[in-house]
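Novice: Fold the following for me, if possible:
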Amino acid sequence: MTFENNFINHSKEYIFLDNDILSNQRKKIFKKIIQKNYDKKNNESLKNITISDLSKFNYFYKPIQEKSQVSLIDDFNYEIKVVNGICKNYEDDNIEIRNLTSLDFKSFLNQDNSNVDDIIIDFNKIFLNSGFFFNIKSNTKLHIRLIHDTSDNFTIFQNNFINFKKKSEVQLEDHFNLTNNSINNINYNISIEEYAVIKHNIFQNFANSNKLYLTSNTVCEKNSSYNQNTYNFSDGFVRNFHHAYLNGEFSNASLYGCFFLKNKNVCSNKTNIIHNAENCVSDQTYKGILNDYSKANYYSNTFVSENAQKTEGYQLSKGILLTDNCSFFSKPELKIFADDVKCSHGSTIGPVDESALYYLRSRGISKNEAMKMIISSFIEEDLQNLDKDIAEKISNNLSDYLNCLVK
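Specialist: Sure thing, here's the model as predicted:
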């Protein structure tokens, strides 16, 4: 179905349908896309994106709230199942969960709009059909496991709001267990209040008939910490665009990612951290292993405002190319308007180190096993600071990837 037909024929299914302000906003975005009134040459959101995948699809959405679940494992551990963008309304002394309704139009309208050139966000606004609010209350220490499940042929356009209150300490896990032939365009709005410490681990592992466009916008207040780790083992297309805003003094953010591609798989990655306050620290590191005809890109951006003295910002990308037919494009960017800063960026992309391969083979190790050891060491060093169960999960996925890759 064409973009125009989807917009017109399914308009009654969109959230905020009766809100005049948002309705007009949707019409403007619709007009911009129809007239192709966006920068096609330098627009990072279009890199490795097939426009026809965005504009020509069969829109289908039918929420079933009964299948969603909230399970309290113990006083500090939650498992939450989100089905087709819908979660179960729930509240206790630690958290509050509810689904997005038409009454939440102000939150939707006032969300960060700095990604004005992001066509994925434009489509999310036009076709919005689901979303939820999570409020994690002050002075809590929790482990929350989110399991995302999408039914066959569903198209999910979701906008979520997660608020971590003061002095909360949370480990949040996102598991994308997607079924066949689904499209998921998910936008996170994350607010981290003063002295909150958040670890956010994202796991992506699904079949090649699925597409996931995941965007996050995280605002960090004074003395808060946000550590995001994204692991992409998917055979389907994934776009990870993650933004963080260090608005409070002594806040810090780390955006880390790994992707493992084979066959003709494609992924698109971007991290962007804006320093708006003094004494803040940021780190952006993405690593990729590519085989066969796969391809990927990684844009990393650090912006330091004139108010952000004593900033520390680091960027790094590394890629291993296992064939001559795969490709990895990396573009680091620094924009600094303060003079008392420590900022750096680096990028290394190439084949497996032949000297390391020769050394291992000279010790009687077969070529295949030597390749596995080198590739494993590429990621294993980054698992040292993770919790044991998280590191074990990544190691198992890496082992499965290598067993399919090198035989």
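Novice: Now do the strands in the stretch 301-407 of the chain.
Specialist: For the stretch 301-407 of the chain, the strands defined by DSSP state E, counting those that start in this stretch occupy 311-321, 327-336, 341-350.
Novice: out of those strands, nearest to Asn210?
Specialist: strand 327-336 (22.1 Å; Cβ to Cβ). For glycine as for every other residue, the C-beta is placed from the backbone atoms N, C-alpha and C.
Novice: can you list contacts of the closest one?
Specialist: Applying Cβ atoms under 8 Å, 6 or more residues apart in numbering, the contact partners of strand 327-336 are 47, 288, 290, 295-304, 311, 313, 315, 317, 319, 321, 343, 345-347, 349.
Novice: circling back: of the strands of the stretch 301-407 of the chain, which is nearest Glu380?
Specialist: That would be strand 311-321 among the strands of the stretch 301-407 of the chain, by Cβ to Cβ, at 13.4 Å.
Novice: so how far is the closest one off the chain centroid?
Specialist: 17 Å (Cα atoms, centre = their mean, to the nearest Å).
Novice: May I have it as PDB, with CA atoms only?
Specialist: Extracted in PDB, the C-alpha atoms of strand 311-321 (Å, rounded to 0.1, in the frame of the first residue of the first chain):
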ATOM      1  CA  THR A 311      34.000  18.600  29.300                       C
ATOM      2  CA  GLU A 312      35.400  15.200  28.600                       C
ATOM      3  CA  GLY A 313      34.200  13.500  25.400                       C
ATOM      4  CA  TYR A 314      35.400  10.400  23.700                       C
ATOM      5  CA  GLN A 315      34.500   8.600  20.400                       C
ATOM      6  CA  LEU A 316      35.700   5.300  19.000                       C
ATOM      7  CA  SER A 317      34.600   3.000  16.200                       C
ATOM      8  CA  LYS A 318      36.200  -0.400  15.300                       C
ATOM      9  CA  GLY A 319      35.200  -2.800  12.500                       C
ATOM     10  CA  ILE A 320      36.400  -6.200  11.300                       C
ATOM     11  CA  LEU A 321      35.700  -6.900   7.700                       C
END
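Novice: quick one, that strand and strand 341-350 angle?
Specialist: 0 degrees (axes from the mean of the first three to the mean of the last three Cα atoms, to 10 degrees).
Novice: picking up where we left off before, check the contacts of strand 327-336 for burial and list the buried ones.
Specialist: 47, 288, 290, 295-304, 311, 313, 315, 317, 319, 321, 343, 345, 347, 349 (16 or more other Cβ atoms under 10 Å).
Novice: quick one: the helices in this structure?
Specialist: For the chain, the helices defined by DSSP state H occupy 3-9, 20-34, 51-55, 105-109, 119-126, 354-362, 367-380, 388-405.
Novice: Identify, out of these, the most deeply packed stretch.
Specialist: helix 119-126 (a mean of 21; mean count of other Cβ atoms under 10 Å).
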